[in-house]
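Colleague: My questions concern the predicted model and sequence given below.
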Amino acid sequence: MDSAALGTAMNEIQRLKNQLQIVAESEATQINHAESAHEELQRLRMELNETLSLVERIKSEMNDCRHSEAEAMEAAREAQQQLEAIALELEQSKAQAKSLEASGDSSATAMEVTVDQDATNQLKGEVKSLKYEVGQLKAALEASEARYQVEYIQSTLEIRSAYEQAEKTKQESVEREADLEAELEKAKANIDKLKATLMDKETELLNISNKNEGLRSKMEEENQSSEKESELAMQLKKLEHDFTLLKAALLEKETQVKGLAEKNDMLKIEIERGEAERSRANDEAAAIADTAKAGEREALMKLGSVTEEADKSSRRVARVTEQLDAAQAANTEMEAELRRLKVQADQWRKAAEAAASMLSSTGNNNNGKFVERTGSLDSGMNNYNTIAGTMGSPFSEDMDDESPKKKNGNVLKKFGVLWKKGQK
């Protein structure tokens, strides 16, 4: 019955190890999610830069349209002034012709009228050419306005598309954040469940230990073989050792999960900040597109503000990346420290078993056998002078007169020196 309980406890410990493996896989999944969130931040940053470049290009095109429109208006204004001057000269010529016709001078009047008619015809030709040029300028102005309207509509559609893309990205970020929170809650629930299971197994292990103590005393009373007792004791020690390792690993995983939760919270804050900055940039781009004709200077100021916010966002992304690298380095150091402690514990256990064996052999033998054992130990060390000090001291002459208790102490000292040297 006690063996069955031990087997059940071993199965439970194996199940707990499997659950710890699942927690480790969940931790790796959360690390992958953190990396994907970092990549998402990089992609959002690239989209923000593309939006800013699009706004800059639209602003440049609008400036070019304004410049061409101003040039066309200036040319039309100059043509209108020339046309008005020519019309004024024509009116003056007509008035002079009428005055000459009223005076009655036949020959001189006829010559002047002929000259005035030639000048009038020349002025009419110039007026026609100027009207033609004005018509061409008006046509060019209308074409420029039509092209400006088409480019304005196209830029508006591009800005709207960029805004829709930003909204889509924001929705994807919200969904990803919800998934990360759900996985984090699931991991916390698994940890709580593992804690409860660990407490139950600890209680069960204590009960099994008590049963083993009772069984051991009963077996001693019934004079049963000590082989089964030794086997049960070894199984119990192994079970306790596995339980200790399992508990330490569970605490370590819990610490790592807490660290990942904090990192996820920081990433969540960074994502929210990036979304706010991107939303602000989209609003400013829409405002620039709506008020482009009247607020060029204000658009430039807002564009500078958006660029500064984008730089801040990039610095935050770099800082989050450094924090992730530092956390990974800390996890590596913790794993190395755990392996070192495990090796050191095995060395202590082996040293304790060897010391116990030597003390047991020393207690069962007489002083002569003890001297032979210590002599063999000295010969196995090749040169005891390099380890335990100078053998030619006055104390070496009284070695045979020392008590067994003092000899045991010397043996332990020798063993300690040997063990330290082997550890180094």
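Modeller: Yes, it's here.
Colleague: pLDDT (mean, whole number) over the strand or helix carrying Leu245?
Modeller: Taking DSSP states H and E as the definition, one finds Leu245 inside helix 226-290. The pLDDT scores in helix 226-290 average 73.
Colleague: For that helix, which helices and strands make contact with it?
Modeller: If contacts are counted by 3 or more CB pairs under 8 Å, 6 or more residues apart in numbering; DSSP states H and E, helix 226-290 sits against helix 2-103, helix 107-221, helix 296-364. From N, CA and C alone the C-beta is placed, and that goes for glycine too.
Colleague: Hey, what's the angle from that helix to helix 107-221? Just curious.
Modeller: Angle, helix 226-290 to helix 107-221, by axes from the mean of the first three to the mean of the last three CA atoms, to 10 degrees: 170 degrees.
Colleague: Run the angle between helix 226-290 and helix 2-103 for me.
Modeller: Going by the same axes, to 10 degrees, helix 226-290 makes 10 degrees with helix 2-103.
Colleague: In CSV, list the helices and strands packed on helix 226-290 along with mean pLDDT, distance to Leu236 and mean neighbour count.
Modeller: As requested, those are exported to CSV (pLDDT from 0 to 100; distance: least, CB to CB, whole Å; neighbours: other CB atoms under 10 Å):
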stretch, mean pLDDT, distance to Leu236, mean neighbour count
helix 2-103, 75, 8, 15
helix 107-221, 71, 6, 14
helix 296-364, 71, 15, 13
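Colleague: Quick check: which of those helices is nearest to Gln235?
Modeller: The closest of these to Gln235 is helix 2-103. By CB to CB, the value is 5.6 Å.
Colleague: I figured Gln165 hits Glu47, correct?
Modeller: Yes - with contact defined as CB atoms under 8 Å, Gln165 reaches Glu47; the gap is 6.7 Å.
Colleague: who touches both of those two?
Modeller: Common contacts of Gln165 and Glu47 (CB atoms under 8 Å, 6 or more residues apart in numbering): none found.
Colleague: Quick one: residues contacting Lys98.
Modeller: Applying CB under 8 Å, 6+ apart to Lys98 gives no contacts.
Colleague: The chain should start at 309 in everything you say after this.
Modeller: New numbering, starting at 309: the last item is Lys406.
Colleague: if I look at it, how far off is Ala644?
Modeller: To Ala644, Lys406 is 114 Å away according to CB to CB, to the nearest Å.
Colleague: Return the distance of the nearest residue to Glu510 once chain neighbours are set aside relative to Arg647.
Modeller: Closest residue in space to Glu510, ignoring its immediate chain neighbours: Phe551 at 7.2 Å, by CB to CB, 6 or more residues apart in numbering. Applying CB to CB, the value for Phe551 to Arg647 is 19 Å.
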